[in-house]
Each structure stands twice: as C-alpha cells, then as structure tokens.
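Asks: Everything below, folded, please.
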Amino acid sequence: MGIYIPANKRAQLLKYKYSSTDKSLTSKYILNPYWNRLVTLFPLWFAPNLITLSGLLCVFLNFCTLLYFNPTLSCGTKPLHISKGGPWDPLFKPLSTSPPSNSTFWNPSTWFSSSASAAMEQCAPRWLYFTFAVGLFVYQSLDAIDGKQARRTGTSGPLGELFDHGCDALNTTLEVILTASALNLGLSWWTVVSLVATNANFYLTTWEEFHTGTLFLSAFSGPVEGILLVIGVFTITGFVGPQFWDTGVLTVLGLNSIPQVAALGIKDLPLNDLFLSFSSLALLVNIVSSFSNVLVSLPTPHSPTSLLRPLTRLTPYILHTTLQVLWLHFLPPSYLLSRPTLIAYMVFWGTAFAHHVGLLILAHLTKSEFPAAWKHPLLGVTALGALDAWGGWVQRSERATERVVLGAVVVAFVVYAHFVVEVVGDICEFYDINCLTIKSKSRSAASPAKRATVLIEQGKDFTEASIETSSIDSTDGKKRKGWAGLRKKL
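Replies: Here you go, the predicted structure:
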C-alpha cells in the first residue's frame, strides 16, 4: 500500500460522491427505460464491476475476431482513401496503390512481411461487422447499468467509478480499431488520427471531471449518441461491406450526375473521410465545452494563473500523444504505419492512455494533485521509441521495429497491470470489499473505512484518520498485499 494511494490520502475516498449531468434526450426517453428493465435481470449477488468487465470482454472478443479475419483493416484493391468520385484526400496522400496483404494475424507472415506490396482481394465476412454492432451495444448496455446495480446492491463507491473509467479507456482504443476496419480506413494516418481524436475526447472529459467534480454528458455525447452512431456504421457495413464507405458523398446522393453540380468542381468526399471529419468537429466542440465548464468551476475572481493552470496540466498527455505520433512519423511507413504491426502499436498506445486516465481518476477520487509527468513511466518508453525511430539505432528494419513495438506492448501491460493490482487491492482493503464479488456486509463492519469514519466523527481530520487506520492495518496481521491480496479480493 502507498505506491499509488498514500497513507494520508486513503480517508479522502470517504468524500466520494458520484456527480453527473446528462443532457441526452436519447438516454432519458429511450435508453434509460430499457436500462432500468435490463438491470432487474441481474441477481443481487452479481457484482457491478463484474457487469462492467463482462461488457469489456465482449468487445475484446470482437477485437480477437478482427485480428483473425481482417488484420489489415481494409478491403479490396482500391488505392487507400481515394474515393470513387475522384483521387482526392483532404489530409493524407495514399501510402500505396494497394492495401496490405490479407494474411491472418496469427500467421507470422502477417507480422513479418512487407505488407504494402501485395494487393488484397478478400474482405472480412459481412457477418463479422454485425457481431461488432452487437458487442458494442452489449458493452454500452452493461456499462450503463453497472451503477444502477451498485445502487440496487448498496455497493456504490469509488472503486466502481475507477473500474468503469478504466474499462471505458481500454474500450475506446479497441473500438477505434474495429471502426477503422468497418470504414475501410486501412493501416494509414487516418486510422491514427481517429485514435488521437477519440482518445482526446475521452481524456478531456476526464480532465473536466477532475476540475469540476462532475461528469458532463452533452445532448450529443460519446457514451450515448457516439456509440449508437458507431453501431449504425457497423450495421451498415454488415449489409453493404466496408468498400461502401469509399463512395463519395455526391455519388451516394446522386448529385454527381447533375451537370450543374459537376460544373462546380466540388470534390466527391468519401463517406469515411466525412465521418472522421465530423468526429474532428465533435472534438473541437468538446474542447470548447470542457474548457467552459472548467472555467466556471474556478474560484472568482479569475487570475491569469488560475486560468492557465488547468491547461498546463494537460502537458503530460499532449506530450505523450505527440511522441506517439512522432514515433510513427520518423519511421518509414513500410516499417510500421502500413503494416499490421500498427495494431500492436495502437494496443501499446491504448494501454498507455488507460494508464493516464487511471492516474487522473485516482487523483480525482483521493483529492490529490494532478498527476505529474514523472508518474507516467510509459511516457518515457514512448520517448525512447520516438528517439530511436529518429536516430535509427535499433529500429533499422521491419523485423527490428516489430520487436521494439511488441516489447513496448509487454512493458505497457506490466505497468498498467501493476497499477490495477495495487490500486484495486488498496481500495478493496480499505473498504474490506471484493472487486468482482459482493461480500456480506456483516463481514466488512470493521473495515478501515468504517474506523476512519468513526475517527472523523470524533474530530480527527481526514489526513489523521488516514494515517491512524493505515498504522492499524500494518499491525493487525490481516492485510494482504500485491497479487495475492488481489486474488483474495476477487
């Protein structure tokens, strides 16, 4: 204990009170009645965190099937991102005139071959995208009812919010990869940009919650309308195939056949590019909304320092994201960007992102300072990777780059797993609860959290109560640490 939650911060968890504002009409009038009915199907012994984890496992299963059937995230032999209405892309030129080879993820030739050289004739089976739609809908439903189940069972607490946000952070990256396949984006900069924009949206919302104490969901929010939109994309792809999204907007609307429209010389923007442009616009709106809410929450009168401080706190995340992009930029596309190894790189990126989010949520729950850059070890890993990509000392070939990326994935998994084990174990120990099962209330009557509450009622402040309960834990012989302690808390 104490690595992520200092002894003098434990009692701050007692101040936790979930606060959210949801302006979505869709969730209020359509989804909420469905969610309220759905949660009643779960028995009262079913732990809320287990519901959350079950939803994430559905998405992970979708991800595994994608790796087998479509590791190139593209379909057909068309030039990447050139619409049927004309050779034009608003952001990036195609990397090649043909997508990567369609060998399966599990085949070593997928990872250890030059992927930009062979044309791909076969696409993923259409039914695969229907499973993506079902998996994401299941995830959204279970993610929405875990809090309701916690209130039904009287197990609401900070662990639930931390666990929920952690699963959401991991799901974000997985869904970006699945959506890239459905939109036929391929292994390209468009896929990378979609990951940057989606993660930034999520992180800004978490940054906003840290400063305001409230989770704001707008009339069009990612967890509700955004997910429904992606489900719609998956469903449409299931009927018409990923190549449909390369069709230009004018072609779909039938406007390109009108002489007056053709005379205007308007570019026939592909539907997939239009979808991502819309997502980028949503990011800009979220930036303005989040900053406005944070600004309102600051004490008045506002000083230049008070206005800049929340923005400067974004530095570690912005720096990390910049280094991730530079790592890709410095390497020849054939080494990483245009090869299936990019998926492994995005997994590393997503795990590092989940670690960022986890540290930030934990700081919010324990009323601690905003996580500094030195608390992000994976930022250092990314910096080393980007520096080596620039210098070309280790990543001098496709094989060498693959080994470096896969090594980074392993390091990221170890770092994030350590964070999860330590933090979940500490919170479970403090409240004397289990993570994935519900413990009898009579067994947790003498938990450190209960003792801290008594001390606070007796006049102790939160820091003193934290330290005293921590010292009791260290001498009572009941505390279990690390992996063994977590296993006991499941």
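
Asks: Check which helices and strands the helix ranked longest in the chain sits against.
Replies: When the chain is parsed with DSSP state H, its longest helix is helix 398-431. On a contact count with 3 or more C-beta pairs under 8 Å, 6 or more residues apart in numbering; DSSP states H and E, helix 398-431 meets helix 158-182, helix 341-365, helix 377-391, helix 448-457, helix 482-489. For the C-beta atoms, the positions are set from N, CA and C on the backbone; glycine is no exception.

Asks: quick one: average confidence on that helix?
Replies: Mean pLDDT, helix 398-431: 96.

Asks: Next, the angle from it to helix 377-391.
Replies: Counting by axes from the mean of the first three to the mean of the last three C-alpha atoms, to 10 degrees, helix 398-431 lies at 170 degrees to helix 377-391.

Asks: list the contacts for the spatially most central residue of the chain?
Replies: Against the mean C-alpha coordinate of the chain, by C-alpha atoms, centre = their mean, the closest residue is Ala169 at 2.7 Å. Ala169 makes contact with 202, 350, 353-354, 357-358 under the criterion C-beta atoms under 8 Å, 6 or more residues apart in numbering.

Asks: try it again with 7 Å
Replies: Listed by C-beta atoms under 7 Å, 6 or more residues apart in numbering, the contact set of Ala169 reads 202, 353-354, 357.

Asks: just how off-centre is stretch 351-367 within its chain?
Replies: Relative to the chain's own centre, stretch 351-367 is displaced by 12 Å; criterion: C-alpha atoms, centre = their mean, to the nearest Å.

Asks: taking the mean pLDDT, what do you get for that stretch?
Replies: Here stretch 351-367 scores 96 as its mean pLDDT.

Asks: follow-up on the earlier one: could you dump the helices and strands packed on helix 398-431 into CSV with distance to Phe239 added?
Replies: Formatted as CSV, those follow (distance: least, C-beta to C-beta, whole Å):
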stretch, distance to Phe239
helix 158-182, 12
helix 341-365, 25
helix 377-391, 39
helix 448-457, 52
helix 482-489, 44
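
Asks: Sketch out the low-pLDDT regions of the stretch 1-150 of the chain for me.
Replies: 1, 77-122 (pLDDT under 70).

Asks: where do the helices sit along it?
Replies: Under the criterion DSSP state H, counting those that start in this stretch, the stretch 1-150 of the chain contains helices at 25-26, 32-39, 48-69, 108-111, 127-153.

Asks: ok, for Tyr34, nearest residue in space, not its chain neighbours?
Replies: Ser141 (7.7 Å; C-beta to C-beta, 6 or more residues apart in numbering).

Asks: from memory the one you found sits against Val39, does it?
Replies: No - when contacts are counted by C-beta atoms under 7 Å, Ser141 is not listed as touching Val39 (9.5 Å).

Asks: Run the chain-centre distance for the strand or helix carrying Leu204.
Replies: For Leu204, the element it lies in under DSSP states H and E is helix 189-212. Its chain's C-alpha centre and that of helix 189-212 lie 8 Å apart, by C-alpha atoms, centre = their mean.

Asks: next one: stretch 287-305
Replies: Its chain's C-alpha centre and that of stretch 287-305 lie 25 Å apart, by C-alpha atoms, centre = their mean.

Asks: Could you tell me which residues within that stretch count as buried?
Replies: 290-291, 293-294 (16 or more other C-beta atoms under 10 Å).

Asks: Looking at these, which is nearest Val411?
Replies: Using C-beta to C-beta, Ser290 comes nearest to Val411 of the buried residues of stretch 287-305, at 30.7 Å.

Asks: quick one: that closest one and Phe202, what's the gap?
Replies: Counting by C-beta to C-beta, to the nearest Å, the gap from Ser290 to Phe202 is 11 Å.

Asks: Share the number of residues neighbouring Ile258, please.
Replies: Ile258 has 12 neighbours, counted by other C-beta atoms under 10 Å.

Asks: For it, give me phi and psi.
Replies: Ile258 adopts backbone torsions of phi -90, psi 120, taken as degrees, to the nearest 10.

Asks: Which pLDDT does the model give it?
Replies: At Ile258, pLDDT is 80.

Asks: contacting residues for it?
Replies: Contacts for Ile258 (C-beta under 7 Å, 6+ apart) come out as none.

Asks: Could you report the separation of the residue of the chain positioned farthest from its centre from Ile266?
Replies: Using C-alpha atoms, centre = their mean, the residue of the chain lying farthest from its centre is Pro259. It sits 45.5 Å away. According to C-beta to C-beta, Pro259 and Ile266 sit 13 Å apart.

Asks: Ok, Thr401 next?
Replies: 40 Å.

Asks: the more surrounded of these two?
Replies: Thr401 (24 against 15).

Asks: Was I right to think that one contacts Leu331?
Replies: Yes - Thr401 is within contact range of Leu331, at 6.4 Å (criterion: C-beta under 7 Å).

Asks: list the residues that contact both of these two?
Replies: Gln395.

Asks: Report the contact partners of the nearest residue to His376 once chain neighbours are set aside.
Replies: Nearest non-adjacent residue to His376, counting by C-beta to C-beta, 6+ apart: Pro316, 5.6 Å away. Applying C-beta under 7 Å, 6+ apart, we find Pro316 in contact with 371, 373, 376, 379.

Asks: Turn those into TSV, columns for pLDDT.
Replies: Formatted as TSV, the contacts of Pro316 follow (pLDDT from 0 to 100):
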residue	pLDDT
Pro371	92
Ala373	87
His376	93
Leu379	96
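
Asks: returning to what we had before: with neighbour numbers in mind, choose between Ser141 and Val39.
Replies: Val39 (22 against 17).

Asks: so what's that one up against?
Replies: 145, 148-149, 152.

Asks: pLDDT weak spots in the stretch 151-300 of the chain?
Replies: Applying pLDDT under 70 to the stretch 151-300 of the chain flags no residue at all.

Asks: do that again at 90, thanks
Replies: Along the stretch 151-300 of the chain, the parts satisfying pLDDT under 90 run over 188, 190, 214-226, 246-293, 295-300.

Asks: contacts for stretch 408-419?
Replies: With contacts defined as C-beta under 7 Å, 6+ apart, stretch 408-419 is touched by 4, 344, 347-348, 351-352, 354-355, 358, 377-378, 381, 385.

Asks: all strands for the stretch 201-350 of the chain, in order.
Replies: Taking DSSP state E, counting those that start in this stretch to define them, one finds strands in the stretch 201-350 of the chain at 215-217.

Asks: can you give me the helices in it?
Replies: Using DSSP H, counting those that start in this stretch, helices in the stretch 201-350 of the chain cover 227-240, 249-253, 259-263, 271-297, 304-312, 315-330, 341-365.

Asks: The fifth one to helix 315-330, inter-axis angle?
Replies: Taking the same axes, to 10 degrees, one finds helix 304-312 and helix 315-330 inclined to each other by 40 degrees.

Asks: Could I get the average pLDDT for helix 304-312?
Replies: Confidence over helix 304-312 (mean pLDDT, whole number) is 82.
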